[in-house]
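[1] This is a predicted model, with the sequence first.
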Amino acid sequence: MARLKSPNRLRFLFRFSRFQVSLSTEIRYSELTLMLKTIALACLLSGLSASAQAPDLILIHGKILTVDAKDSIAQAVAIRQGKIIAVGSNKKILQLAGSKAQVIDLHGRTATPGLIDSHAHIATGGVDELDSVSLSDAANVDEVKRRVQATAAKLKPGEWLTGAGWDEGKLAERRYIVASDLDEAAPNNPVWLEHTTGHYGVANHEALQLAHITAASKDPPAGTIDRDAQGVPTGVLKESAMEAVVELIPPPTPEQWRNGILRMVDTLHREGMTAVKDPDIQPPIWDAYHQLVEEKRLSLHVCVLWHGGTTLESAKAALARIQALPRPPDSLGDGNLVSCGAKIYMDGSAGARTAWVYKEWNKNSTGIDQGNYGYPLIDPEVYRQMVRLFHQAGVSVGTHAIGDHAIDWVVDTYAQVLKEKPTSGLRHSIIHANIPTDHAIDTMAFLQKEYDAGFPETQPAFTWWIGDTYAGNFGPQRALRLNPYHTYEAHSILWAAGSDYSVTPIPARFGLWASVERETAKGVYGKQPFGTAEAVDVHTALRSYTAWAARQLFLENKIGTIEPGKEADIAVWDKDMYTIPSGELRDLKCEMTIYNGQVVYRAANTPVTGQ
C-alpha cells in the first residue's frame, strides 16, 4: 500500500470506518503521525537554536585586526554572551543580527584584541598612585623636594612619607637624590622614596636612624649601602639593603590593596588593556584579588606569580600556597584570576648597576665602574634547587634576570631541570632578559621548541622611559643587545611584552612604539643609543602584546586574538596602527574597551556609537 503523502490523503482515510481500515493502513497512519510530530518538534527546536545562537552584540564598519595565525583583517564581529561567534564582512555579520542585538558602529575605527601586559605590578603600583608622592615626572631635585615638603605638611610628626618613580636619568642634575636633599623638606618625618626600577631608593636621615644604618653598617648580602667619599651612607640603598627601611613602613590595609587594584583596572580599560600578569605577590594581594572576584568587580584577566623568596624554605612555603589553588589554565572567576606560578630574582637592576654581568658596568656610557660586575640576589646553586622544586611539582617559574651572566644561569637551569624531568607546557620564563648572550638565545630557541619553555617576558619601554640611565650603564656595545627582538624573530623565539609598571608607564601603546623606534626619553647619549637593528614592525609588536602574551598567562584559548570561540576582549582605537607612521604609535587613543562582551570604557568624544 502506498504511503500517505498529503493532508488530503489523510482526510480521505478518516472517512473510512475503523472496520474498513486495514491493519497495515493503521500502521502507516501511526508512522505518519509520529513523523509529523517529529518534524514539528524539529522545526520548533531549530527556531529555538537559531534564536539561542543569535548575537547580542555586533561591531560593524571597522577594521578588525584579528591577530590570528594569518593576521587576517575583517570588518565586523558578532558576539554572544561574551564570546565571539563570528568574524567577517559587514554583510555577513549583519545577516546574523536579530532584532535584539546591540549594534556598535565603529565608523571606520580600528579594533584589536584587548592588549595584555605580561609583567605589571598593578596592585603595588595602584597603592602607590593613591597613597605615595608621584615623582615620575619630576624634572630636577628641587621639584622632588617641593613635592615632599607639600606632602609632609599634611602629616603628623613621625608619620612615614613615601614616594616613588624618581629616575636620575630624567633629573637635570643627573644624580641620585640623597638624604640631605630630603632632610630640610621633611624634618619631622621619616622619608622613603623608591626609584622607578624598584631596586633602590633613598631614605632621609631620620629613616636611616630608625633603621640603624650608620657609617659602621656593613653591606648586607646581595645589597649595597651607597656611601660618599668619606664612607658615610648617602641615603641610597640598593637591593636587600632597602629592607632595613622598608620593613618599618606600615603595610597597606586590605582596603588600600583593593582600591589600588580597582584604580589600575580603570586605567587599563582606558588604555585598551584587558589582561595582566602581576608578578611577585604575597598573600594580602591575592586576598584582595580574590575578594574582588567574589564581588564580581574584577573586570580584568589577572595571572599572578607568587613570591618565591631566596631560600629553599621560602620556596616550599610558596609552593604550598600554589598547590592549594587551581592549576592553570584552571582559574577563579572563569579566567579572571589565575595562579600562574612562582617568581624568583636571579639578579638586580641595570639602573642600579646591580644586575649580574660578565664585564664591569659602565658609567656615563664610556666610563667604567671599576670592579662592579653586579651580583646574584640569590645563591646560584640554591636558585637551581628552588627551580627544581617547582618544576618537579609541575609549577611554572618566572625568573627575573637582567644581566647576561644571570640570563645564562637561568636558561641553563631550565635546560637542566627539563632534562631531568621532561615536561611540556610549564612555560618557564626569563623576566626582562635584557641583554642575552648568543648562548642564551640558542638555549631559549631549543627550550621553546622541545618543551614549550624558556620564554622572554620583556619590556620594550625600557629603551624609552629609563633608556638614558640604561644607555649610560650598559655602555655603547652592550646597549646594542638590549631587547633583541629581531634576533628573537630570526630564531623563531616567541616573547611576551609588558611594562613592568610602575617601572615604566603602563599604557601598552608606549611599548608598541618602543618596539619599533627604540628611542630614549631625553637622548642623553643620542636619540637611539640601542640602535635599530633589533627593532621589529608593528605587526610583530602587536602580537607580543596579544597572542603571545596570552600564552604566558595560560589563557591563549580564551583571549589574545579575535576569533570565534574566544572571549570578546576588544579595544577600539582612533587610528590604524598598521598604517600610521610608526612615530605616532605612542599617541594612539583608545576610544572603547570591551571586556567579556561588555563595554567597560567609552571615550567621551568618540564617534563610535551604539544602537
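    Nice, I can see it. Residues are numbered from 1 along each chain as shown.

[2] Could you point out the bridge partners of the residue nearest the centre of the chain in the sheet?
    Compute the mean C-alpha point of the chain, and by C-alpha atoms, centre = their mean the closest residue is Asp117, 2.2 Å away. Per DSSP bridges, the residues bridged to Asp117 are Val276.

[3] Could you tell me how far it is located from Thr310?
    Here the criterion is C-beta to C-beta, to the nearest Å. By it, Asp117 lies 26 Å from Thr310. No exception for glycine: its C-beta is placed from N, CA and C like everyone else's.

[4] sorry, back to before: if I read this right, the residue nearest to the centre of the chain contacts Gly272, doesn't it?
    No: if you go by C-beta atoms under 8 Å, Asp117 and Gly272 don't touch, sitting 11.2 Å apart.

[5] Identify the contacts common to these two.
    Ala508 (C-beta atoms under 8 Å, 6 or more residues apart in numbering).

[6] in the chain, which ranges drop under the pLDDT threshold?
    Counting by pLDDT under 70, the chain shows low-confidence ranges at 1-52, 611.

[7] secondary structure element for Asp128?
    helix 122-131 (DSSP states H and E).

[8] and that helix, how far from the chain's centre?
    Computed by C-alpha atoms, centre = their mean, to the nearest Å, the chain-centroid distance of helix 122-131 equals 16 Å.

[9] Could you pull out the buried residues of it?
    The neighbour-count check on helix 122-131 (16 or more other C-beta atoms under 10 Å) flags Ile122, Ala123, Thr124, Gly125, Gly126, Val127, Asp128, Glu129 as buried.

[10] The third one: what's it in contact with?
    The one in question is Thr124. Gly260, Ile285, Ser502.

[11] Ok, Val141 next?
    With C-beta under 8 Å, 6+ apart, Val141 has these contacts: Leu171, Ala172, Glu173, Arg175, Ile177, Asp181.

[12] just the CA coordinates of the host helix or strand of Gln291, formatted as CSV?
    For Gln291, the host element (DSSP H and E) is helix 283-294. Only the C-alpha atoms of helix 283-294 are listed here, as CSV (Å, rounded to 0.1, in the frame of the first residue of the first chain):
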residue,chain,number,x,y,z
PRO,A,283,49.0,36.6,50.4
PRO,A,284,47.5,40.1,51.1
ILE,A,285,47.5,40.9,47.4
TRP,A,286,46.0,37.5,46.5
ASP,A,287,43.3,38.1,49.1
ALA,A,288,42.4,41.4,47.6
TYR,A,289,42.2,40.0,44.1
HIS,A,290,40.1,37.0,45.4
GLN,A,291,37.6,39.3,47.2
LEU,A,292,37.2,41.4,44.0
VAL,A,293,36.5,38.2,42.0
GLU,A,294,33.9,37.1,44.6
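
[13] so after it, what's the next helix or strand?
    strand 301-307.

[14] Does Asp280 touch Leu305 like I think?
    Yes: applying C-beta under 8 Å as the test, Asp280 and Leu305 come out as touching, 6.1 Å apart.

[15] Tell me which of those two has more neighbours.
    Leu305 (25 against 22; other C-beta atoms under 10 Å).

[16] what is that one paired to in the beta sheet?
    Assigned bridge partners for Leu305, using DSSP bridges, are Gly341.

[17] my guess is it meets Tyr345, correct?
    No: if you go by C-beta under 8 Å, Leu305 and Tyr345 don't touch, sitting 11.3 Å apart.

[18] Leu94: how many residues sit nearby?
    With other C-beta under 10 Å as criterion, Leu94 counts 14.

[19] now it, what's its secondary structure?
    Look at Leu94: counting by DSSP: H, G, I helix; E, B strand; the rest coil, its state is helix.

[20] how close does it get to Gly88?
    For Leu94 relative to Gly88 (C-beta to C-beta), the value is 10 Å.

[21] list the residues that contact both of these two?
    Common neighbours of Leu94 and Gly88 are listed as Ala76 (criterion: C-beta under 8 Å, 6+ apart).

[22] Now do the next helix-or-strand element following the helix holding Asp128: which elements does it pack against?
    Next helix or strand after helix 122-131 toward the C-terminus (DSSP H and E): strand 133-134. In terms of contacts (3 or more C-beta pairs under 8 Å, 6 or more residues apart in numbering; DSSP states H and E), strand 133-134 is packed against helix 141-152, strand 161-166.

[23] Just among the contacts of Thr124, which is most surrounded?
    That'd be Ser502 among the contacts of Thr124, by other C-beta under 10 Å, with 25 neighbours.

[24] residues in contact with it?
    Contacts of Ser502 (C-beta under 8 Å, 6+ apart): His121, Thr124, Gly125, Asp128, Glu129, Ser136, Ala164, Gly165, Thr196, Gly198.
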